[in-house]
Structures are given as C-alpha cells and as structure tokens.
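Asks: fold the following, please.
(chains A and B)
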Protein chains: 2
Amino acid sequence: MEKILTRRSLLGRAGLVLGGAMTLSVLNGCGDDDDPASTPNPDPTPTDTPDVGPQATQFPYQQHIPAGYQLDVAVVAEGAYHGYYAGGCCHGAYNALMKHLADTAGAPFNQLPLDFGGFGGGGIAGYGSICGAVLGGVLVINYVVPNTAPQGATPAQSNVRNRMMVELMRWYEGFAFPTYVPAAVDPKETGVTLNFGAANLPVLQTVAGSHLCHASVTKWCAANGNANPNGGDKKARCARLTADVAEKVAEMLNGYLSTGAFTSGTPNPTTTCVSCHGAVTEGDAAPTASGMSCRACHPETTHPVPHTIHSGCSDCH
Amino acid sequence: MEKILTRRSLLGRAGLVLGGAMTLSVLNGCGDDDDPASTPNPDPTPTDTPDVGPQATQFPYQQHIPAGYQLDVAVVAEGAYHGYYAGGCCHGAYNALMKHLADTAGAPFNQLPLDFGGFGGGGIAGYGSICGAVLGGVLVINYVVPNTAPQGATPAQSNVRNRMMVELMRWYEGFAFPTYVPAAVDPKETGVTLNFGAANLPVLQTVAGSHLCHASVTKWCAANGNANPNGGDKKARCARLTADVAEKVAEMLNGYLSTGAFTSGTPNPTTTCVSCHGAVTEGDAAPTASGMSCRACHPETTHPVPHTIHSGCSDCH
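Replies: Predicted structure coming up:
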C-alpha cells in the first residue's frame, strides 16, 4: 500500500494548488470555453480497485507525478534529435518526452503508445501545418498540465496549460533555429553539405516568424542556398530544431512541476495589430481571432488600406 | 477465451492487409521519413497475460476493431455539436468520435482520456493555429489508422493515415461551413442574432481557404457583418462546423474500415504553384514545403515577381 498512500498524499497536495473548477479566458479564444479539462476528476483514485495504480483515464497526469520530479533536459534533447531520424519531428519531440516520462515517472505514461507522434512530421502528414515538433510538445504538455484557475490562485498558477502552449508557439516564432549540438551525430544524418558545427551554427540560423512547418522550412531553405526541402541539410536542421523544441518543453515542464506556476517569457507581437483588429474593432478594421505573429502572412506592405484612414487608431500608430 | 481468440483471429486477418514495414512518401514530407508507426508491433498480443485484452500501447487500433464495425455518423455529428458547447471545437470532435468508439468498439479506446481535446479549442489554446475540430479529427484518425504500405498493396491501401489527414485538411479548406443542422439546439447556444435555420444556412456559409482557425473564423466573421469572434453567432457557426468535421472524419473512417482502402476526393490546389516551387525549383523560384492551399496567405497580387520572368514556367502559366 505504500505506493498507493504516496499517490493519495500527492493527490491531496496537488488538490491544494490545482483543485476547483473555475476557468478564466487567457486569449480571445474561440470555443475554448467551459473546458472539461479544467474540471478535475471528482474521484481520481480508483477506490474499487485500490492496487491498480494510476490509469491513463485519470487525466491530466500532473496528479500522478511525484513531488520533486524533474525531467532530465539533456536526455530529452538528445533523444529528440535522434528521434527525428527515427520518425520525423513530431515523433522526435513526442517520443523523447513521453518515453522519458514513462521511464522515470512511470504510470500512466507507460500505458500510452510512444509511437503516437509519427503522424505529425512535416506539419501533419507532410502538409506544412503546425511544426510537428511543436505539436508533439503541445500534446505532451496537454498530458501533464491542468488548465485550472482555482479561486485564490495567482495569475501564474492559472490556466497554465494554455499559457504554456501559447508560449511554446510564440517562442518558436521568434527563435533562431537551430541551436542544438548533438552529443553524437546520428548515423542516419547523411547528405549534409552545410557546416552544422557549433561554431558555424549561427550562420545557418533563421527566425521563422511562424510556427507553421511550411513557413519555417521554406524560410530556412531560402536562406541557406535554396536548400532542398527534402534534402540532408534540411533534415539536419530539423533534427536539431526538434531537440531545441523538446528542450524548451522539458524546461517549461520542470519549471511548472517545481513551482506549480508558469510565467510566459515571450512578448506578444500582435498587440499593435489587435488593438484595431480585436473582437471589438475600430472603424472599418475587420475583427480577427489569432495569437499568432501577424507579419509572417500579412507584411506591412499588404495591409489593404493605409492605417491612417482608420478612425480611432491614432493612439496606436 | 472466446474474446481472445476472436481478437487474435482479427489480428491475423488485419495482418494480411496491413502487415509489412515498407513505407512510401505521399507528399514532399518534412521529416516524416522512417515513420515508426508504419512498423507493426512485432508481437501485438500480450502473451504473458492472455486475459488482459487490447491495450492502449498496441497502436494503432484498427487491429482491435471488429470486422464489419462502422461508426454511427449521425450520433458522432450531433455529439460533436453539443461537445463544442461543453469544451470547444477540438473537444467536440475528439470527444464525440472517441467516446463513440469507446462505447461501441470498447478497448483500448475506453482506456484513454476522453477529455484530452480541450487544449485544441480556437486553434490550440486560442492561438488561431490549426482548427481544433480538424486537429481533434486528425488525432482520432491517428489512433485508428495505420500508415503502412506493404508490398503488393494498391495505392488506395497504402499510407492511408497520412492521406486521410491530408484529405481532411484539404477538404476543410474548400468546404462552405457550416452545413450541420442539429437535431436539438444546445441550451448553451445563446446570444445568436443570425438565422441558423436550415433554409438560411447557405447565406451564412464561407469557404475558409485555409485549415487555420484564425483564417477560418476571421473570414466567416467578416462575411457575416463583422461578427464578434467571441460572440454567440461565431460560436453557433463553430459548433455546426465541429459537427461537419466530425461527420467527415466518421465517414472517412467508415470507408476505410469497410474496405481497407481510402481514396482522396479533394483535388490538390497547390499543383500549379509547386510546379515551380517544389523541392527541385525552376529559375529563381524558392523551394517550398507545403500541401496547404497557397492562396489564402499568398494571393496572386502579392507574388513577389511576375511569373513571366521565371524561366521554364511557361508550361504552367
């Protein structure tokens, strides 16, 4: 019974910080209201089968993680780099994080398919949508972190899941990839013509300005001699990017697991745009729904009308 | 033992169609190489615990679904509509599909958290990325459908998972949402000022041209009197869209489960663009990595240079 008692005491401890059902809106979200994941399972312990241990249905899994647990960031990052060559960017990030959690935190992470992330490579099935490494990270954050906002919680303790996901996407949009230097180059890393050595990495780096695979890869390829998006150089870049993303996720999870709180570190670049294009609009500015960086798809030069003709915008421009 | 024998015979049957480890590339994918999900579990039956039944780690789950199984599309669609009001678009689609599978196909679907999709609302945590209903559908497809391409398989039997995901995103980009008419209006459907009656729905419909929440919602709001992206009309639209998407996923899954094959129905609108902007480029055209519709973010008027100055493109333009 020792394990069971330990888990129950953990549940009690977690309940102090994370209990309650009140939710707050973080962004001008679309349909993220009344989030069921914000409502804790009223009886997360399996009372009729007391020796069964944590179950995958008892979600999210922060409740099952022992106090003081921390992911080994270096293990996760190196695993993500090699995981890219085993199954793509989403598999790399997802598998490295989930396998590490399964190996070191145990149930219920070890009850889930560790190869679930193969679908996300190349922006989901090669479609160029959300970067698969980011998506893999989002899924792992979702497994671990509740999105509660209990009465009396500080802003940093509230809606952590959503704020952590937004931070990951926003950080990605402004980060100069790649930075990771693998401990051991993967044997599948072939066809590389550029110098991915640590000293030369800054020469190869680009800021995507978008969390979409399409923009991220296309921009990097254009900046590196129109590299082939299916070639060895692009793969070497994305393998290191996968490690960078997995490392960021592991660091965010460690911060949350050690403090029960999370503070976003990346400024919101949409503030100026949504000051006119928010839910309540100014003049003829169309309302919009986005937290993404605007300028990747809407450069200043393509703004359909000069800002000055908008009424009420002079305080922004 | 009857159930176990039935499952083993099913596994044998599925193996005939889905076994083997060879993979084919569908798109010019980025990092979706050597997909581990394409490699069947060498021993998917739990031999040391013969009475344990299907386990969530035995992935993907087509192997556990009885022959002749079909989802009830109407139940899924109505559930998705109401699920939107319970937890957003991703929860609506994910929960309706997964709960129906758990209720009617059983293990291992009933071993997973049915509230996993709350994170995806509003394009992941309200960020405006991939439409949450699409993402929820993608995750369910991923649970069910293998991405194998065994020797001797026809193109329609190969890489079904990836092709089904691409079809969902591409279909979404060209579909006029919303079309679903709920059997019963949800009690949470408040603040509606537009006429969502069946006869008037075509007046409200827009084609997003993108599978991103941001573009989909913003375009619909602009076409409907600059509707508030957080208001009751937008929510009524997205609830019906969630049902439309879940219905599409259920229909695709039913087609695959009944035939072991899948044929995409939506033409690829990027063909003209990637004829110059593919991995092997023409003239000074930048290589690109995308299956997404190009024109949502890159209208003809913003093409940086006239097409005619490209060499070798006269066959396309």
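
Asks: from here on, just use CA atoms for contacts and neighbour counts.
Replies: OK.

Asks: in stretch A:94-112, which residues are buried?
Replies: Under the neighbour-count criterion of 16 or more other C-alpha atoms under 10 Å in any protein chain shown, stretch A:94-112 has A:94-102, A:104-105, A:107-112 buried.

Asks: try stretch A:249-267
Replies: Neighbour-count burial for stretch A:249-267, counted by 16+ other C-alpha under 10 Å, picks out A:249-254, A:256-257, A:260-264.

Asks: how about stretch A:64-80?
Replies: Under 16+ other C-alpha under 10 Å, the buried positions of stretch A:64-80 are A:His64, A:Ile65, A:Ala67, A:Gln70, A:Leu71, A:Asp72, A:Val73, A:Val76, A:Ala77, A:Glu78, A:Gly79, A:Ala80.

Asks: next, format those as a markdown table and append secondary structure and distance to A:Ala133.
Replies: Below are the buried residues of stretch A:64-80 laid out as a markdown table (DSSP: H, G, I helix; E, B strand; the rest coil; distance: C-alpha to C-alpha, whole Å):
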| residue | secondary structure | distance to A:Ala133 |
| --- | --- | --- |
| A:His64 | helix | 25 |
| A:Ile65 | coil | 23 |
| A:Ala67 | coil | 28 |
| A:Gln70 | coil | 21 |
| A:Leu71 | coil | 18 |
| A:Asp72 | coil | 18 |
| A:Val73 | helix | 16 |
| A:Val76 | helix | 13 |
| A:Ala77 | helix | 12 |
| A:Glu78 | helix | 14 |
| A:Gly79 | helix | 13 |
| A:Ala80 | helix | 9 |
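
Asks: need these in a markdown table (columns: distance to chain B and pLDDT).
Replies: Shown next, in a markdown table, are the buried residues of stretch A:64-80 (distance: C-alpha to the nearest C-alpha, whole Å; pLDDT from 0 to 100):
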| residue | distance to chain B | pLDDT |
| --- | --- | --- |
| A:His64 | 14 | 98 |
| A:Ile65 | 17 | 98 |
| A:Ala67 | 23 | 97 |
| A:Gln70 | 23 | 98 |
| A:Leu71 | 22 | 98 |
| A:Asp72 | 24 | 98 |
| A:Val73 | 22 | 98 |
| A:Val76 | 18 | 98 |
| A:Ala77 | 17 | 98 |
| A:Glu78 | 17 | 98 |
| A:Gly79 | 15 | 98 |
| A:Ala80 | 12 | 99 |
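
Asks: ok, those vs A:His211, which is closest?
Replies: Taking C-alpha to C-alpha as the measure, A:His211 lies nearest A:Ala80 of the buried residues of stretch A:64-80, at 18.1 Å.

Asks: need the contact list for A:Tyr172.
Replies: A:Val134, A:Ala208, A:Gly209, A:Ser210, A:His211, A:Val245 (C-alpha atoms under 8 Å, 6 or more residues apart in numbering or on different chains).

Asks: between these, which is nearest A:Gly118?
Replies: Comparing the contacts of A:Tyr172 against A:Gly118 with C-alpha to C-alpha places A:Val134 closest, at 13.1 Å.

Asks: quick one: the closest one from A:Tyr81, how far?
Replies: Here the distance between A:Val134 and A:Tyr81 works out to 14 Å (C-alpha to C-alpha, to the nearest Å).

Asks: the two: who's more crowded?
Replies: A:Tyr81 (33 against 29; other C-alpha atoms under 10 Å in any protein chain shown).

Asks: for the more buried one, what are its contacts?
Replies: Each residue near A:Tyr81 by C-alpha under 8 Å, 6+ apart is listed here: A:Gly92, A:Pro182, A:Ala239, A:Arg240, A:Leu241, A:Thr242, A:Ala243.

Asks: what about A:Ala183, how many residues nearby?
Replies: Using other C-alpha under 10 Å, A:Ala183 has 10 other residues around it.

Asks: list the contacts of the closest residue to A:Phe262 other than its chain neighbours.
Replies: Of all residues not flanking A:Phe262 in the chain, A:Ala156 sits nearest, at 5.1 Å (C-alpha to C-alpha, 6 or more residues apart in numbering or on different chains). For A:Ala156, the contact set (C-alpha under 8 Å, 6+ apart) comprises A:Ala261, A:Phe262, A:Thr263.

Asks: just confirm A:Ala156 is within a strand.
Replies: No: with DSSP: H, G, I helix; E, B strand; the rest coil as the criterion, A:Ala156 is helix rather than part of a strand.

Asks: check what pLDDT it gets.
Replies: Note for A:Ala156: predicted pLDDT of 97.

Asks: likewise for A:Cys297?
Replies: 74.

Asks: that one contacts B:Cys297, correct?
Replies: Yes: using C-alpha atoms under 8 Å, A:Cys297 is in contact with B:Cys297, at 5.6 Å.

Asks: which neighbours do the two have in common?
Replies: Between them, A:Cys297 and B:Cys297 share no contacting residue, judged by C-alpha under 8 Å, 6+ apart.

Asks: list the buried ones in stretch A:214-231?
Replies: Buried residues in stretch A:214-231, counted by 16+ other C-alpha under 10 Å: A:214-222, A:224, A:226-231.

Asks: kind regards, and thank you for your time.
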